[in-house]
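>>> Return atomic coordinates for the entry below.
(one chain, ligands or ions: 1)
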Amino acid sequence: MLKELLERFRQGYRTMPYPQDSPPLPDRYLGLPVMSPGTCRSNCQRCSEVCPTGALTLSGTRPALDLGQCLFCGECARSCPEQALQFTRDHRLATWTREELILREGAPLAKGQRDDRRFRLFRRSLKLRQVSAGGCNACEADINVLSTLSFDLGRFGIQIVASPRHADGLVVTGPVTKNMALALEKTYRAIPPPRLVIAVGSCAISGGPFADHQEVHNGCGALLPVDLWIPGCPPHPLTILDGLLKIQGRS
Ligand code: SF4
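Next up is the predicted model:
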């Protein structure tokens, strides 16, 4: 036992001081895209042609990027001869509405708080049930990692629970396959109101790369009233954590 205590002392406190301080993100990390007004001059359309999901559309030389469909592959930025579109390292991507995920030239992502009475209830304790509705397990893995000691989700009073009856809200990942739709709706109904719905990842938001496939519902928005949208493919754990802290008014 003494050995364990000494080892614990040697290792020290390993949890990151987020949100006061952010840990360094990997070099290849792509965060919030920015489109500088007026820099797209050639109207070559290359960015929209290379986009695998149709997230990036052009009206003349005015691009619009739907973060809810974006896979953050970076192909659009690499293909642009004018460097009109660039990815920053800003991991804070969560929005309150689906419309806010559509970025337009020169317009920043809306990052304000939302005055919702329900959110005040969850400031110190937020229990969530996670449903993978046909996900590839990438978003699920990035949610799981939040419970490790590096992130220590529990210090914010946030916990992923096993039963919807113990939960305050539902975290949905995956494009919502037809096979999972009923299970998802039943899980939602089993959560006592006032309940939250959080869509994590481009699949849960729009169907992602599976959009318009006959076996998917293009995300959970058509089936459930979504309160928070967290884009990414998958979102970085800090992006998910930032979204959850937004609900608690801490981010
Ligand atoms: S980063 Fe997003 S918008 Fe750009 S090409 Fe990839 S999926 Fe399309």
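>>> how many other residues sit next to the closest residue to R92 other than its chain neighbours?
Using C-beta to C-beta, 6 or more residues apart in numbering and skipping the chain neighbours, the partner closest in space to R92 is D242 (4.9 Å). All C-beta spots, glycine's among them, are computed from the backbone N, C-alpha and C. Residues within reach of D242, counting by other C-beta atoms under 10 Å, total 23.
>>> Quick check, pLDDT for H91.
What the model reports for H91 is a pLDDT of 96.
>>> so who does it touch?
H91 sits next to S22, L25, Y29, G31, L32, H236, L238, T239, D242 when contact means C-beta atoms under 8 Å, 6 or more residues apart in numbering.
>>> How about E49?
E49 neighbours (C-beta under 8 Å, 6+ apart): S79.
>>> Confirm that it sits in a helix.
Yes - assessed by DSSP: H, G, I helix; E, B strand; the rest coil, E49 belongs to a helix.
>>> so what's it scoring on pLDDT?
Looking at E49, its pLDDT reads 93.
>>> related to what we said a few turns ago, whichever of the contacts of H91 end up buried, select them in ChimeraX.
Entered in ChimeraX, the line below selects the buried ones among these, by 16 or more other C-beta atoms under 10 Å:
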select :31,32,236,238,239,242
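>>> which residues does the residue nearest to R92 contact?
P19, H91, R92, L93, A94, S251.
>>> Assign it to helix, strand or coil.
Classification of D242 using three-state DSSP returns helix.
>>> Out of the contacts of D242, the closest to the ligand would be?
Using C-beta to the nearest ligand atom, L93 comes nearest to the ligand of the contacts of D242, at 12.2 Å.
>>> residues in contact with R120?
G249.
>>> how much space is there between I191 and the ligand?
To the ligand, I191 is 32 Å away according to C-beta to the nearest ligand atom, to the nearest Å.
>>> Do you know the pLDDT at that residue?
pLDDT recorded at I191 is 98.
>>> now swap in the one 4 residues further on and tell me
Looking at R195, its pLDDT stands at 95.
>>> Residue ranges in the stretch 1-150 of the chain under the pLDDT threshold?
Filtered on pLDDT under 70, the stretch 1-150 of the chain yields no residues whatsoever.
>>> Residue numbers of it in contact with the ligand?
50-53, 55-56, 65, 70-76 (C-beta under 6 Å from any ligand atom).
>>> okay if I get these as a markdown table plus distance to L149 and neighbour count?
Converted to a markdown table, these look like this (distance: C-beta to C-beta, whole Å; neighbours: other C-beta atoms under 10 Å):
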| residue | distance to L149 | neighbour count |
| --- | --- | --- |
| V50 | 40 | 15 |
| C51 | 38 | 20 |
| P52 | 36 | 13 |
| T53 | 35 | 19 |
| A55 | 35 | 27 |
| L56 | 38 | 22 |
| L65 | 36 | 23 |
| C70 | 31 | 28 |
| L71 | 30 | 20 |
| F72 | 27 | 21 |
| C73 | 31 | 15 |
| G74 | 31 | 15 |
| E75 | 36 | 16 |
| C76 | 37 | 25 |
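>>> ok so, going back, now which of the contacts of D242 would you call buried?
Buried positions within those, assessed by neighbour count (16+ other C-beta under 10 Å), are H91, R92, L93, A94, S251.
>>> For E185, see how far away the closest residue to the fourth one other than its chain neighbours is.
Nearest non-adjacent residue to A94, counting by C-beta to C-beta, 6+ apart: G243, 3.3 Å away. Look at G243 and E185: by C-beta to C-beta, to the nearest Å, they are 23 Å apart.
>>> out of those two, which sits in the busier spot?
G243 (24 against 14).
>>> surely the more buried one meets I230?
Yes - when contacts are counted by C-beta atoms under 8 Å, G243 is listed as touching I230 (4.3 Å).
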